[in-house]
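Novice: Please work out how this folds:
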Amino acid sequence: MNKMNSQHYLILAEIEFWRTTLRTLEDSITEAEQERMHQVLILAQNKLIAFEMTAPRSALNAEMSVAYH
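Specialist: Numbering: from 1, shown residues only. Sure, this is the predicted structure:
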């Protein structure tokens, strides 16, 4: 796996981590804590968007081909 692929997967894992954490802790944390976690999730999603916008199209296509086969 090349550096671009691993960076892409790390960002995806970060997004999934925050989504899972929010779902798991939703009833046991304060509204302020939920809001902070939502902000971190949004930052991770924005990081993914920025990464995908700047990555070479051919590299992303190759990565998706490997991921879905």
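
Novice: any idea how far residue 47 is from residue 15?
Specialist: The spacing between residue 47 and residue 15, counted by Cβ to Cβ, to the nearest Å, is 9 Å. To be clear about C-beta, it is placed using only N, CA and C from the backbone, and glycine gets the same treatment.

Novice: for residue 44, same thing?
Specialist: From residue 44 to residue 15 the distance is 5 Å (Cβ to Cβ).

Novice: How about residue 34?
Specialist: Where residue 15 is concerned, residue 34 sits at a distance of 16 Å (Cβ to Cβ).

Novice: the more surrounded of the two?
Specialist: Taking other Cβ atoms under 10 Å, residue 34 and residue 15 do not tie; residue 15 has more neighbours (18 against 13).

Novice: Identify the element of secondary structure that that one sits within.
Specialist: According to DSSP states H and E, residue 15 maps onto helix 3-25.

Novice: State the mean pLDDT of that helix.
Specialist: Helix 3-25 carries an average pLDDT of 92.

Novice: Now that helix: buried residues?
Specialist: Along helix 3-25, these residues count as buried under the neighbour rule (16 or more other Cβ atoms under 10 Å): 5, 8, 11, 14-15, 18, 22.
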